[in-house]
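J.: Could you look at this predicted model? Sequence included:
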Amino acid sequence: MQTTTRPAKFEDINQLNELIAASVRGLSTAHYTTAQIESAMQYIFGVDTQLISDGTYYVVELDNMMVGCGGWSKRNTLYGGDQHKDNADPLLDPAKDAARIRAFFVHPDHARQGIGRHIINVCEDAAKLNGFKRFELGATLPGLPLYLAMGYHVVEPVDAILPDGNILEIVKMTKG
């Protein structure tokens, strides 16, 4: 089995959205209700094309099948796809700001096999090369154990109130 990691391309968006949907629906059921999951799929989870434009979103393929994705950002947004942002996403200053670790999803058939850990390492290394020394992220509950194991610390829980009234608990975390 051959695993490769590469920057995501705009041509990957449909496949990325399919992976994100499979990941969220397959790995979140022990933590969120079906209504919360479907609401988050509509209002939060999805591809942030700014990450693709910036070259900071990565795809992991196993035998040419997309099994994971995730990225880092030098911009202010902490979480969410294109549908979650309403305004410009300003650049961060690596001298004083933390890079954002963003949008990690692993296919349920490949969960807990080191793919998420691998992508985090790729992202942190790339962010460090761009001058960042600290990292922040907004973790969903299924991702919390991975981020804790990777040295992230809980800052505070954040309730993302979605337009349909559903609430998705997200945990703001930091490292460094």
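T.: Cool, got the structure. Residues are numbered from 1 along each chain as shown.

J.: Strands of this protein, start to end?
T.: Using DSSP state E, the strands of the chain run over 3-7, 57-62, 65-73, 99-106, 135-140, 153-161, 167-175.

J.: pLDDT weak spots in this protein?
T.: Within the chain, the stretches with pLDDT under 70 are 1, 82-88.

J.: Near Asp125, how many other residues are there?
T.: 10 (other CB atoms under 10 Å). All C-beta atoms are positioned from the backbone trio N, CA, C, and that covers glycine.

J.: okay, the strands of the chain, which one's buried deepest?
T.: Highest mean neighbour count among those (mean count of other CB atoms under 10 Å): strand 99-106, with a mean of 26.

J.: helices and strands around it, which ones?
T.: helix 13-27, strand 65-73, helix 115-129, strand 135-140 (3 or more CB pairs under 8 Å, 6 or more residues apart in numbering; DSSP states H and E).

J.: any chance of those in JSON lines, plus distance to Tyr58?
T.: Below are the helices and strands packed on strand 99-106 laid out as JSON lines (distance: least, CB to CB, whole Å):
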{"stretch": "helix 13-27", "distance to Tyr58": "11"}
{"stretch": "strand 65-73", "distance to Tyr58": "6"}
{"stretch": "helix 115-129", "distance to Tyr58": "6"}
{"stretch": "strand 135-140", "distance to Tyr58": "15"}
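
J.: Out of those, flag the one nearest Arg102.
T.: Closest to Arg102 of the helices and strands packed on strand 99-106 is strand 65-73 (CB to CB; 5.0 Å).

J.: now the closest one and strand 57-62, what's the angle there?
T.: Inter-element angle recorded for strand 65-73 and strand 57-62: 160 degrees (by axes from the mean of the first three to the mean of the last three CA atoms, to 10 degrees).

J.: For Tyr57, which residues are in contact?
T.: Contact analysis of Tyr57 by CB atoms under 8 Å, 6 or more residues apart in numbering lists Pro7, Ala8, Val47, Asp48, Leu51, Cys69, Gly70, Gly71, Arg102, Ala103.

J.: And Arg134, by the same measure?
T.: Arg134 makes contact with Asp97, Ala98, Ala99, Thr174, Lys175, Gly176, according to CB under 8 Å, 6+ apart.

J.: Test my guess that the second one contacts Lys128.
T.: Same thing as Ala98. No. The pair Ala98 / Lys128 is not scored as a contact, 11.8 Å apart, by CB atoms under 8 Å.
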